[in-house]
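Q: quick one, what's the 3D model for this:
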Amino acid sequence: EGRITQWAKSIGDKVEVGETLLVVESDKADMDVESFEDGYLAVIFTPEGESALVGAAVAVLAASAADIPRVQAALKNGNSASAAAAPAAAAAPA
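A: Numbers count the residues shown, from 1 in each chain. Next up, the predicted model:
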């Protein structure tokens, strides 16, 4: 488990592979979490100050800025399959 101490990106921001998305605090150290995908930050599941299990999705990337509303709507309606089907949509693990 780790606590998110800072989001380096905001909803709508462009994210590139290797770029820091967030900082996670564990019992041993603070760690930068880098993106494994290019895209746009569409949804943050775990806000700053909240904890997430290791490997849990804490955010979702959309393939393009235009896809952000569609990804958000799909997740809001409980349709994670549609959100995951968005091109290059990816969950950022903790």
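
Q: go ahead and confirm residue 65 touches residue 12.
A: Yes - if you go by Cβ atoms under 8 Å, residue 65 and residue 12 touch, sitting 6.6 Å apart. Quick note: C-beta positions are derived from backbone N, CA and C, even for glycine.

Q: what's the overlap in contacts for the two?
A: Listed contacts common to residue 65 and residue 12 are residue 40; contacts here mean Cβ atoms under 8 Å, 6 or more residues apart in numbering.

Q: who has more neighbours out of these two?
A: Between residue 65 and residue 12, counted using other Cβ atoms under 10 Å, residue 65 has the larger neighbour count: 14 against 11.

Q: where in the protein is pLDDT low?
A: 79-94 (pLDDT under 70).

Q: please enumerate the strands of this structure.
A: Taking DSSP state E to define them, one finds strands in the chain at 2-7, 14-15, 20-25, 30-34, 39-44, 51-52, 57-62, 90-93.

Q: would you mind measuring from the residue nearest the centre of the chain to residue 26?
A: For the chain, the residue sitting closest to the mean C-alpha position, by Cα atoms, centre = their mean, is residue 59 at 2.2 Å. Distance from residue 59 to residue 26, counting by Cβ to Cβ, to the nearest Å: 18 Å.

Q: nearest spatial neighbour of residue 13, chain-adjacent residues omitted?
A: Leaving aside its chain neighbours, residue 13 sits nearest to residue 41 (5.1 Å; criterion: Cβ to Cβ, 6 or more residues apart in numbering).

Q: which strands and helices sit next to the lengthiest helix in the chain?
A: Counting by DSSP state H, the longest helix found in the chain is helix 68-76. Judged by 3 or more Cβ pairs under 8 Å, 6 or more residues apart in numbering; DSSP states H and E, helix 68-76 is in contact with strand 39-44, strand 57-62, helix 80-84.
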